[in-house]
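Asker: Quick one, what's the 3D model for this:
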Amino acid sequence: MWEILKQHWRDGVEILILAVLVYQAYLFFRATRGARILTGLLMLLLGLALVSQLLKLEVITWLLQRISVFLAIALVVLFQPELRRVLAELGSHRMFSLNRPDPESLDVLLEAMQQLSARRCGALFAIKRGIDLRLLAETGVSVDARLSPELITTIFHPKTALHDGGAIIDQGRIASAGCVFPVSQREVRDRAIGLRHRAAMGVTEETDAIALIVSEESGALSLAYRGKLEHDLEPEELRDRLNELLTFGAAAPEPVQEEPTRDLGPV
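Answerer: Numbering: from 1, shown residues only. Here you go, the predicted model:
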């Protein structure tokens, strides 16, 4: 056994390095505009290759072999903006860093949410984790400011221009506000779950972000993760659950309700 390890430990190191690179590339490209194009192209090529092998279609097999070089060049051209961003983030050492707010920032965020809850001001936050939220951030207004209760309550004040959208939290800072999040199509019966909650579920269905919601109707505090909603949490419950998810990435429990309805309810 020891002899085998001595002979093949380099193979294990190579596999580990490749696995890390592939995983980081997956996290980065998943949220980009070209992700669907790449997925569709790979499915098409795999389908053609499978059919040509099963049916022994020599012409298609020959074409697939010849276009592989040109396809590699085409992918470089197609993903040129994304590749430039990858290299830029590698140069800034941010790509492999742990992306989570510091405890002080979380305290500020939760304090601001309680203030908004007391005033019945609706709010929606998405805490960025591994998957890039740049596309969603581009739908809003860049803020890039340190978290503070005053800034958060100002953004979500009902008479401000940004209060209807969501805010993206990135490493203890408000990256953007007034962002448009994808709305979940999950059917729910609870009338307290409106468009703001559906947007929180939607952004967590498509990314690994954690969404926090303050209900405008009731002031209830809620959390969404992996498309599932934990509704009407006490402040301490929310704090404990948020710390658990940010520390361990634990899975969320089943959603509150899932019976069909056409009434979206209040936001």
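
Asker: ok, how many other residues are close to I37?
Answerer: Per other C-beta atoms under 10 Å, the neighbour tally for I37 reads 13. (Glycine included, C-beta is placed from N, CA and C.)

Asker: tell me which element it is part of?
Answerer: helix 35-55 (DSSP states H and E).

Asker: on contacts alone, who are the packing partners of the helix or strand following that helix?
Answerer: Per DSSP H and E, helix 35-55 leads on to helix 58-78 as the next helix or strand towards the C-terminus. Applying 3 or more C-beta pairs under 8 Å, 6 or more residues apart in numbering; DSSP states H and E, one finds that helix 58-78 contacts helix 35-55.

Asker: what distance separates the helix it packs on from the centre of its chain?
Answerer: 27 Å (C-alpha atoms, centre = their mean, to the nearest Å).

Asker: tell me the angle that helix makes with helix 58-78.
Answerer: Interaxial angle, helix 35-55 versus helix 58-78 (axes from the mean of the first three to the mean of the last three C-alpha atoms, to 10 degrees): 160 degrees.

Asker: how about the nearest residue to L110, chain neighbours excluded?
Answerer: R239 (5.8 Å; C-beta to C-beta, 6 or more residues apart in numbering).

Asker: didn't the one you found look like it was pressed against E111?
Answerer: No - look at R239 against E111 with C-beta atoms under 8 Å: they stay out of range, at 10.4 Å.

Asker: going on from the lowest-mean-pLDDT helix or strand in the chain, what's the next piece of helix or strand?
Answerer: When the helices and strands of the chain are scored by mean pLDDT, DSSP states H and E, helix 80-92 comes last with a mean of 60. Moving toward the C-terminus from helix 80-92, the next helix or strand (DSSP H and E) is helix 103-119.

Asker: and L223, what is it in contact with?
Answerer: 210-213, 229-230, 233, 238, 241-242, 252 (C-beta atoms under 8 Å, 6 or more residues apart in numbering).

Asker: Could you measure from the most centrally placed residue in the chain over to Y225?
Answerer: By C-alpha atoms, centre = their mean, the chain has its centre lying nearest to T207, at 2.6 Å. As judged by C-beta to C-beta, to the nearest Å, T207 and Y225 stand 11 Å apart.

Asker: what does K128 give?
Answerer: Distance from K128 to Y225, by C-beta to C-beta: 13 Å.

Asker: likewise A200?
Answerer: 9 Å.

Asker: Who has more neighbours out of the two?
Answerer: Per other C-beta under 10 Å, whichever of A200 and Y225 has more neighbours is A200, with 29 against 24.

Asker: Helix, strand or coil: sort out the more buried one for me.
Answerer: helix (DSSP: H, G, I helix; E, B strand; the rest coil).

Asker: Just give the nearest non-adjacent residue to it, would you?
Answerer: Going by C-beta to C-beta, 6+ apart, A200 has A211 as its nearest residue, at 3.6 Å.

Asker: pretty sure the one you found belongs to a helix, no?
Answerer: No - going by three-state DSSP, the assignment for A211 is strand, not a helix.
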